[in-house]
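Asker: dropping a prediction and its sequence here:
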Amino acid sequence: MQSIILQSALNHLLEVHQIDIRPLEGKTVHFSLQDFPIEVNFICTNARIFVTTDTTTHADVDIKLKSNVFLQLMQGEDLTELLRQDKIIIHGDVKTTQLLVDLLQQVEFDFEEELSKFTGDIVAHQVGRIATKFKSSDNPWQLLRIKLLIFLLHPKRFH
C-alpha cells in the first residue's frame with residue numbers, strides 16, 4: 001500500500017512541476033530507510049517512476065539513510081556533504097543518485113500547505129513543527145513517540 005501511495009505522490013509531483021526524468025530512463029534505484037520500515041525500488045521508465053517492494057531485482061544504485069537525513073536532502077542539503085559525513089550509504093552508480101536528487105530538488109513542495117487542505121491550518125502547523133524537530137533529532141522515532149504520547153495523554157499541553 002505504501003508503495004502505491006509513494007508512486008502516486010512522486011508522479012503527481014513530477015507532473016505538476018513538469019520535471020523531465022528522461023536522464024533516469026531505464027534506471028532502478030533501491031531505496032531504504034535505516035530507522036523506518038521502508039524498502040523499495042524506484043524504476044524510472046516511460047517518463048514515470050514506478051515504486052515496487054520487490055527488491056530482488058537488480059538496482060543501478062542502492063541508497064540507505066535515516067529518515068531525518070532524507071528530509072535534509074529533500075530540503076536542499078548538499079549530497080556530497082552528507083556523503084562525507086557518512087550519513088548516506090550508496091553502493092552502485094553515484095551519478096544516478098545525483099541525477100535523482102537533482103530532479104527531486106526541483107520539486108517545490110510545501111508539506112504544511114498541502115496537509116492543511118485536509119486537516120486545517122492548526123494541525124498542519126503542529127505537524128510541520130514536529131517534522132522540523134524530527135529532522136534535527138538524532139533519534140527521530142523516539143521524539144515522535146514522545147510527542148505522540150504527550151498529545152494523547154495531555155492534548156492541551158501539546159506544543
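Answerer: That came through, no problem.
Asker: show me what contacts the most centrally placed residue in the chain?
Answerer: With distances taken as C-alpha atoms, centre = their mean, Phe70 lies nearest the centre of the chain, 5.4 Å away. Contact analysis of Phe70 by C-beta atoms under 8 Å, 6 or more residues apart in numbering lists Leu33. Quick note: C-beta positions are derived from backbone N, CA and C, even for glycine.
Asker: which of the helices or strands spans it?
Answerer: Assigning secondary structure by DSSP states H and E places Phe70 in helix 67-74.
Asker: remind me which residues of the chain are low pLDDT?
Answerer: Applying pLDDT under 70 to the chain picks out residues 1, 74-76, 104-105, 107-111, 114-115, 131, 133-159.
Asker: ranges for the strands of it?
Answerer: All strands of the chain, identified by DSSP state E, fall at 28-33, 39-45, 48-52, 61-65, 88-92.
Asker: distance to Leu79 and mean neighbour count added to those, as a markdown table?
Answerer: Formatted as a markdown table, the strands of the chain follow (distance: least, C-beta to C-beta, whole Å; neighbours: other C-beta atoms under 10 Å):
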| stretch | distance to Leu79 | mean neighbour count |
| --- | --- | --- |
| strand 28-33 | 14 | 19 |
| strand 39-45 | 16 | 19 |
| strand 48-52 | 19 | 17 |
| strand 61-65 | 10 | 19 |
| strand 88-92 | 7 | 16 |
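Asker: ignoring the adjacent residues along the chain, who's closest to Gln34?
Answerer: Sequence neighbours aside, Lys66 is the residue nearest to Gln34 in space, at 5.2 Å (criterion: C-beta to C-beta, 6 or more residues apart in numbering).
Asker: swap in Phe50?
Answerer: With C-beta to C-beta, 6+ apart, the residue lying closest to Phe50 is Ile43, at 4.4 Å.
Asker: wait, what's in contact with the closest residue in space to Gly128 that isn't next to it in sequence?
Answerer: In space, Gly128 comes closest to Glu112 once its chain neighbours are excluded; the distance is 4.1 Å by C-beta to C-beta, 6+ apart. When contacts are counted by C-beta under 8 Å, 6+ apart, Glu112 touches 124-125, 127-128.
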